[in-house]
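# next come a sequence and a model predicted from it.
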Amino acid sequence: MVSFAIRRFLAMIPILILLSVTVFSLAKLMPGDALTGKIDPNNANPEYIAKMREQLGYNDPVPVQYVKWVTGFFQGDMGDSFVHKMPVTQLIGERIENTVMLALASLLITYVVAFILGMIAGRWPYRWSDHLILTFNYIGYAVPSFFAAIVCIYIFSIQLGWFPASGSISVGAQEGTLYYYLERIKHTILPAIVLGLFNTAAYTQFLRNDVIENASKDYVRTAMAKGTKTSAIYNKHILRNSLIPMVTFIGLDIGTLLSGAVITETIFTYPGLGQLFIDSVSSRDYSVVMAISMLLAIMSLVGNLIADLLYSVVDPRIRLR
Amino acid sequence: MMKKNSGIVMSAFMALSMAVVGCSQPSASPTPAPAPAPTTPEVQPDNNTPKPGGTVTFAYRSPFKGLLERAYYEGDDDDRILRFTTEALIGTGDDLKPFPYMVDWTVSDDKKTFTFTMKNKDIKWHNGDPLTMEDWKYALEIIAHKDYEGSRYSNVEMIVGADEYQKGTAKEISGIKITDPYTMSITIKQPTANFIANVWSYPAPKKYYEGIAIKDLVNHPKVRQNPIGTGPFKVKKIQPGEFVEMERFDDYWQGKPLLDGVVYKVIDGKMAASLLKNGEIDMYTIQNSLYDDVAKIDNIDLIEVDELAYTYIGFKMGHWDAEKKLNIMDRPKYSDKRLRQAMAYAIDRKALAKAFEKNKAEPIHAPMPPVSWAKAPDSELNTYDYNPEKAKQLLDEAGFKDVTGDGLREDPQGKKFTINYDAMSGTEVAEPRAQAILQFWKEVGLDAKLNGGALKEFNAFYDMVEKDEPSVEVFSAAWGLSADPDPAGLFKATDLWNYSRWVSEESDKLIAEGVSEKAMDEAVRKDIYVKWQKLVNEELPSIFLHSRKEITAKNKRVQGTHVNSASPINDTHKWWVTK
């Protein structure tokens, strides 16, 4: 398995190079640059813009710009954000905590809800409970997350006032107090639910189908013949087998969750990477756009690797060569 | 049949009476209600006399950058925070004229040296340090420093010695002299009428920033996390991208502010109406498309002011020669003034405002803010009121006639004539608005189509317009206007941002005269600008469309606010809340 991991890791290098070329060229192909938005006679003049373009290296040949960026990136220097006037690493550092918290919370919600619903639906298939869950799943699948976000804000924060509508923390909360952490959680729940909704639907269906399939297998029949209690069969034997595909999803989720938060974070004005990404695209803050795209791509790659490794851990029948 | 008709009349009448009721309601609120019987005497003063205490939540629609030093801030996002915490030494009035605020000044006989004296010697920074002229000098030095990366050098470069200081050949800016802590003189290169309006007058806390190199200043914690100013409120806590908590500055030079504090909060624009309604936010400059939703809310007042910006349709009449840094007028397609005027007459600007701006936009006829003291009265200008007949007549005169008989006019040479129109995407009304404009031109027989068949995203649009792409002919855009009426930067032969590439000797002459020594007399200066506006209004290098209204929604509990064209945030020390 170790040699497998090393080989997979080495195989990632050409992919990364290809990715960096793609990310860089796509960013550079966007019309305009960070200074287009500065065309405003009140706050700037053409001389300033020309000077900054020169200083930022926008006038260098494209291959030179690429080499500069890529060498910096792999040394951990992602450049400076033109808009925020600070190093990109510092900017991302400020935001990543929020995004990771949101991702973990939504992961937790996804797994807990999918686990419960999937077990119920799988144990008693084709009953009213199964149909209800199925309906819920279809809705979860079909509703786009931006719409779900707005509906959730309208109902839960504006009408009912249970959760705050925006932000990651309340005004006046002192860092380090219990109140502060409770507030953080309170602010994360709503966006986490919206973010987790889509995956919940998928996982519930996965688990349900797997449980149904396993229920007709030989080992279940044997257990039944031995007189094992039905609940024990489901909760122990079947569950353990059905969890295998679910666990491996965790790896894949790492990449998708971080990128999936883009829309949700924007609507909830939750200051994480996703919101930063959207803002940076529209203001053409290249260094930030490229850094986040690369980060997300690397996350996906690493996530895939973890998923593959997990397969062999959870299911010894799978041999990695 | 009869019955049906009367039903329509009836409902129309009902609608009318409802409209009347709707109109009369807002006017009722400012007039104080008839005094109630004196059974509850202590209730009444509640709503009329300012009282201390309370906080106000001011909302904005996009995350702030947090560049909380005036020399570096760029957008409205940070400006709105800084308006609570900092103040300029020279004020700008509602009519956009500069006035002595924290400093007074005198001018030397050669009109080159301005001597400023602090009106109040007891102004303090939030950390208790006294404000002196050293702080102003320091601010000018930051901007003129070679390591400074902000965009404000144009507000300093008129000072004698600024260029040498920027190049590093001088240790001091020779034109700045401090005689005592409260008196400073500035000498400028040549007498300039708008020097007072243009010079950078936000002080920077020299002592507080001591020991910080200029290149590190922009990202220093003293700018990012603990900025200070001399304004009525001081920063208490900054949550990047979310909110800034500010508290009262007790030593504020105009007296202790009434509010305990202010919260500046970032919200999603789509939720604005709901958040205003449930009182989560108190003040917010709304998008005009939200007007109807917000106007329905009982606890909200709407304040309208003219925006310092205008929309226009430009004609590409040449290209920019980057070598010579000069506009060359060499694209003849729209060079006939009558064609440009006809295209203006063909557009019903009032109808456009009604359809796409909820009627919250006024047609303008020259590029000058409606509130500006220098604006030419409409009676002096051609207002280009909607007149398709006049448009057709002008086109006929100019030789644009329909020779092929397809209902569309050909150019004077008899060749097919098509207007290639460009506009920006981004709002929900962008597409129908562009189609309406094309339709107006078609109605007078001009063939018009969208360039490339679609609207363009902001960055792509300006990329093409600035580079004079050959396909760009007629383009719809907008400019922000400065408080000072000087049109330099957008209309001279040497201006890159003169996107029409329109060159006129007379215009250049008037623009130069407008800032010359003789224009230091305000009446003379206004006269020059009226002449210039008449010229532009006649030549029409662009069709000037609208100046929009900027609408600020305010919870009725917030009192004492002062909204003007420059900003919704003024005199914050006088703000107070009823509960």
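The structure has been received and is ready for your questions.
# now the residue of chain B found nearest chain A: which helix or strand?
Per Cβ to the nearest Cβ, B:N459 is where chain B lies closest to chain A, at 2.6 Å. (Glycine included, C-beta is placed from N, CA and C.) Using DSSP states H and E, B:N459 sits in helix B:458-466.
# buried residues in the worst-scoring helix or strand of chain A on mean pLDDT?
Within chain A, no helix or strand scores below helix A:239-267, which has a mean of 76 by mean pLDDT, DSSP states H and E. Within helix A:239-267, the residues that qualify as buried are A:239, A:241-242, A:244-246, A:248-249, A:251, A:253-267, counting by 16 or more other Cβ atoms under 10 Å in any protein chain shown.
# in stretch B:492-508, which residues are buried?
Quick answer for stretch B:492-508 (16+ other Cβ under 10 Å): B:492-493, B:495-504, B:507-508.
# and which of the residues you listed is nearest to B:G75?
Set against B:G75, the nearest of the buried residues of stretch B:492-508 by Cβ to Cβ is B:W497 (18.5 Å).
# so what's that closest one closest to, chain neighbours aside?
Here the nearest residue to B:W497 in space, its sequence neighbours aside, is B:L490; by Cβ to Cβ, 6 or more residues apart in numbering or on different chains that works out to 5.4 Å.
# packing partners of the helix or strand hosting A:E213?
When elements are assigned from DSSP H and E, A:E213 belongs to helix A:178-215. If you count contacts as 3 or more Cβ pairs under 8 Å, 6 or more residues apart in numbering or on different chains; DSSP states H and E, helix A:178-215 packs onto helix A:88-123, helix A:128-142, helix A:145-152, helix A:239-267.
# okay, stretch B:79-87 in CSV with CA atoms only?
Presented in CSV, the C-alpha positions along stretch B:79-87 are these (Å, rounded to 0.1, in the frame of the first residue of the first chain):
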residue,chain,number,x,y,z
ASP,B,79,-15.0,55.1,2.5
ARG,B,80,-18.2,54.5,4.4
ILE,B,81,-16.3,53.2,7.5
LEU,B,82,-13.8,56.1,7.3
ARG,B,83,-16.6,58.6,7.1
PHE,B,84,-17.4,57.8,10.7
THR,B,85,-13.8,57.7,11.9
THR,B,86,-11.9,60.3,9.9
GLU,B,87,-12.4,63.9,8.6
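# quick one, what contacts B:G128?
Shown in contact with B:G128 (Cβ atoms under 8 Å, 6 or more residues apart in numbering or on different chains): B:D251.
# swap in the one 4 residues further on?
Shown in contact with B:T132 (Cβ under 8 Å, 6+ apart): B:M118, B:P181, B:Y182.
# ok, back up a step: how far does whatever helix or strand comes next after the helix holding A:E213 sit from its chain's centre?
Using DSSP H and E, the helix or strand that follows helix A:178-215 in sequence is helix A:218-226. Relative to the centre of its chain, helix A:218-226 is centred 40 Å away, using Cα atoms, centre = their mean, to the nearest Å.
# before we move on, what about stretch B:429-442?
Relative to the centre of its chain, stretch B:429-442 is centred 25 Å away, using Cα atoms, centre = their mean.
# quick one: contacts of that stretch?
By Cβ under 8 Å, 6+ apart, the list of residues contacting stretch B:429-442 reads B:289, B:313, B:343, B:346-348, B:351-352, B:355-356, B:408, B:419, B:421, B:423-425, B:447-450, B:455, B:476.
# in ChimeraX, how would I select just the buried ones from the residues you listed?
To isolate the buried members of the contacts of stretch B:429-442 in ChimeraX, using 16+ other Cβ under 10 Å:
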select /B:313,343,346,347,348,352,356,408,419,421,423,424,447,448,450,455,476
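# report the entries of the contacts of stretch B:429-442 that also contact chain A.
With Cβ under 8 Å from any Cβ of the partner chain as the criterion, the contacts of stretch B:429-442 include none near chain A.
# among the contacts of stretch B:429-442, which are in strands?
The strands, defined by DSSP state E, take in B:I313, B:I419, B:Y421, B:D447, B:A448, B:K449, B:L450, B:S476 from the contacts of stretch B:429-442.
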